[in-house]
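**Student:** Kindly generate the corresponding structure for this input.
(chains A and B, ligands or ions: 1)
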Amino acid sequence: MVITLLDARRARRIAEQVPDPELPMLTLADLGVLRDVSLTEDGTVVASLTPTYSGCPAMAEMRAGVAARLRDAGYTRVEIRTVLDPPWTSDWITPDGRRKLAEHGIAPPGAAPARPAGPVPLVLAPTRRSVPCPRCGSADTEETSRFAATSCKALWRCLACREPFEYVKEI
Amino acid sequence: MSDDHVYLTLAEGHDDDTRWAYGTGFEDPLHGVDTTVPDGVDAGELADLCVTLADDALVSAQRLAEWTTRAPELEEEVALANIGLDLLGQARLLYSRAGQVDGTGRTEDAYAYFRDADGFRNVRLAELPNGDFAFSVVRLLVFSSWRLAHFERLTAHRDPVLAAIAAKGVKELAYHRQYAAEWAVRLGDGTEESHRRMRKAQEQVAPYLGELFTAYDVRDEVVAVLRQVTEAAGLPMPVYRPLPGSGRSGEHTEHLAPLLAELQGVARAHPEATW
Ligand SMILES: [Zn+2]
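**Tutor:** Okay, here's the model as predicted:
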């Protein structure tokens, strides 16, 4: 089987379009969990995925989704690999992904905290991040809970338009 | 082409090796990870370490899940369930790693569902009943501070899989510790009643602190964090009052067996079941 660069690009494009099971407005590429798609010499598509959180219950669905789309597109040999290192960071959500989140009323994450080597410092003083409301744009917002319906989100509310909204946490 | 494919694919392949807990054809959480044990790493020691870390996480996750429908507010319920879910995910990765390296090929289910209490190696702090919210906050503060410090060291472990699991866990545990620390300050520095309950909770965890610091050199770091929190909360430092025995050698309180009975009941009643 002759493997062309075009084949590899096509396989990548197909895998990239698989929606995330929990944030379906994002593709796996938007979320930054699709780490690599390549074609081996025997024509196997190797797609590498990384979990967002250790307990992410959607990993199996993501793997199944990528495999199914690639098979539908005619790739009979598909291998899905899990990549744990480096760990996923919200910084990998693409600019497109951030725009789509905001369009769906979910505030995109800011820059993930830098983690120098050594003990992780505990900061008790309130760290007033300003998270603009995805609906009205007001900066007058507050956190109601650091944990929400999925691991990757926190709950906030806007004091200007009074609407609650979700916010993808920096990690 | 539709999203239904995802679910169809999950339902396919219900062959004999599908396992009970994730019996819809879910694969093991280390699916497709390079599983080689590097030269110079003792596979038995590595497996033991993974199992102890996984047991701590699984038993804690079970206790945290018990807060569902019982927490003071919906937000706290969601938070505690999320923290439990992170720990459950860490346990799954660690059990899978242990089964790969110890030569038995055991699955995560074999570790979680088919060992008895004396086979578990978790610290006893993790298995204690939830008590009131103050007790759960104090326990979570101690547990997450200790586990975070330990995981941070493990990111340099010579086994790349364990190091990667730890690196992922560090980010999660930092959120858990933050949650517990903020509640500890809020309650310690809150009303007379909340302060009194926090003091009582500190007394209750005191006998189980010694066990945390026997094997790993993270004591100073954890003590520094606890000092930072107790000072901000207007609470005394917890007293160090060691209790004989160790969960690490399978000596548990009477609370672990009932916890496991609930956790393992369905899997043991229907060992071949898939759903
Ligand atoms: Zn608003």
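**Student:** List the contacts of the residue of the stretch 1-150 of chain B found nearest the ion.
**Tutor:** Across the stretch 1-150 of chain B, the shortest distance to the ion (C-beta to the ion) belongs to B:E75, at 19.7 Å. All C-beta spots, glycine's among them, are computed from the backbone N, C-alpha and C. For B:E75, the contact set (C-beta atoms under 8 Å, 6 or more residues apart in numbering or on different chains) comprises A:T144, A:S145, A:F147, A:L155.
**Student:** Quick one: which of the residues you listed is the most crowded by neighbours?
**Tutor:** In terms of neighbours by other C-beta atoms under 10 Å in any protein chain shown, the contacts of B:E75 top out with A:F147 at 24 neighbours.
**Student:** I'd say that one and B:L85 touch.
**Tutor:** No: between A:F147 and B:L85 there is no contact under C-beta atoms under 8 Å: 9.6 Å.
**Student:** got a list of contacts for the lowest-mean-pLDDT helix or strand in chain A?
**Tutor:** Of all helical and strand segments in chain A, the minimum by mean pLDDT, DSSP states H and E falls on helix A:5-16, at a mean of 86. Helix A:5-16 has contacts (C-beta under 8 Å, 6+ apart) with A:27-29, A:34, A:37-39, A:45, A:47, A:66, A:69-70, A:73, A:75.
**Student:** and those residues, which of them are in strands?
**Tutor:** A:L34, A:V37, A:S38, A:L39, A:V45, A:A47 (DSSP state E).
**Student:** show me the contacts for the closest residue to the third one other than its chain neighbours.
**Tutor:** If I follow you right, that is A:S38. Using C-beta to C-beta, 6 or more residues apart in numbering or on different chains and skipping residues adjacent in sequence, the residue nearest A:S38 is A:V46, 5.2 Å away. With contact set as C-beta under 8 Å, 6+ apart, A:V46 has these partners: A:D36, A:V37, A:S38, A:L39, A:T40, A:E79, A:R81.
**Student:** Buried among the contacts of helix A:5-16? Need that as a selection in PyMOL.
**Tutor:** Selection of buried members from the contacts of helix A:5-16 for PyMOL, criterion 16 or more other C-beta atoms under 10 Å in any protein chain shown:
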select buried, chain A and resi 27+28+29+34+37+39+45+47+66+69+70+75
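**Student:** near the ion too, which of the contacts of helix A:5-16?
**Tutor:** Applying C-beta under 5 Å from the ion, the subset of those adjacent to the ion is empty.
**Student:** just the strands in the chain please.
**Tutor:** Using chain A here. Using DSSP E, strands in chain A cover A:34-39, A:45-49, A:78-82, A:106-107, A:141-145, A:153-158, A:164-168.
**Student:** and the shortest one, is it in reach of the ion?
**Tutor:** Spelled out, that is strand A:106-107. No: contact of strand A:106-107 with the ion (C-beta under 5 Å from the ion) is absent, the minimum separation being 10.2 Å.
**Student:** so where do the helices sit in chain A?
**Tutor:** Remark: helices assigned in chain A by DSSP state H are A:5-16, A:28-31, A:59-72, A:95-103.
**Student:** returning to that earlier point: any idea which of the contacts of A:V46 is the one closest to A:P19?
**Tutor:** If you rank those by distance to A:P19 using C-beta to C-beta, A:V37 comes first, at 16.2 Å.
**Student:** So what pairs up with the closest one in the strands?
**Tutor:** Note on A:V37: beta-bridge partners A:A47, judged by DSSP bridges.
**Student:** And it, how far from A:I80?
**Tutor:** Between A:V37 and A:I80 the computed distance is 10 Å (C-beta to C-beta, to the nearest Å).
**Student:** Please apply the same query to B:G210.
**Tutor:** According to C-beta to C-beta, B:G210 and A:I80 sit 45 Å apart.
**Student:** Give me the more crowded residue out of those two.
**Tutor:** The residue with more neighbours, out of B:G210 and A:I80, is A:I80; 21 against 14, by other C-beta under 10 Å.
**Student:** just checking, that one touches A:A47?
**Tutor:** Yes: counting by C-beta under 8 Å, A:A47 is a contact partner of A:I80 at 5.4 Å.
**Student:** Of all residues in chain A, which one is nearest the centre?
**Tutor:** Among the residues of chain A, the one closest to the centroid is A:L31, at 2.5 Å (C-alpha atoms, centre = their mean).
**Student:** pretty sure that one contacts A:L23?
**Tutor:** Yes: applying C-beta under 8 Å, one finds A:L31 in contact with A:L23, separated by 6.7 Å.
**Student:** How about the contacts made by the residue nearest to A:S138 when sequence neighbours are not counted?
**Tutor:** Nearest non-adjacent residue to A:S138, counting by C-beta to C-beta, 6+ apart: A:A160, 3.5 Å away. By C-beta under 8 Å, 6+ apart, the contact set of A:A160 is A:C133, A:C136, A:S138, A:D140, A:T141.
**Student:** Show the backbone phi and psi for the third one.
**Tutor:** With angles defined as degrees, to the nearest 10, A:S138 sits at phi -60, psi 140.
**Student:** Now do it, the pLDDT please.
**Tutor:** pLDDT recorded at A:S138 is 94.
**Student:** B:D55 sits in which helix or strand?
**Tutor:** Assigned by DSSP states H and E, B:D55 belongs to helix B:43-65.
**Student:** Next, the buried residues of that helix.
**Tutor:** So for helix B:43-65, counting by 16+ other C-beta under 10 Å, buried means B:46-65.
**Student:** what mean pLDDT does that helix have?
**Tutor:** Mean predicted lDDT for helix B:43-65 stands at 97.
**Student:** packing partners for it?
**Tutor:** With contacts defined as 3 or more C-beta pairs under 8 Å, 6 or more residues apart in numbering or on different chains; DSSP states H and E, helix B:43-65 has these neighbours: helix B:74-101, helix B:108-113, helix B:124-127, helix B:133-154, helix B:160-188, helix B:256-269.
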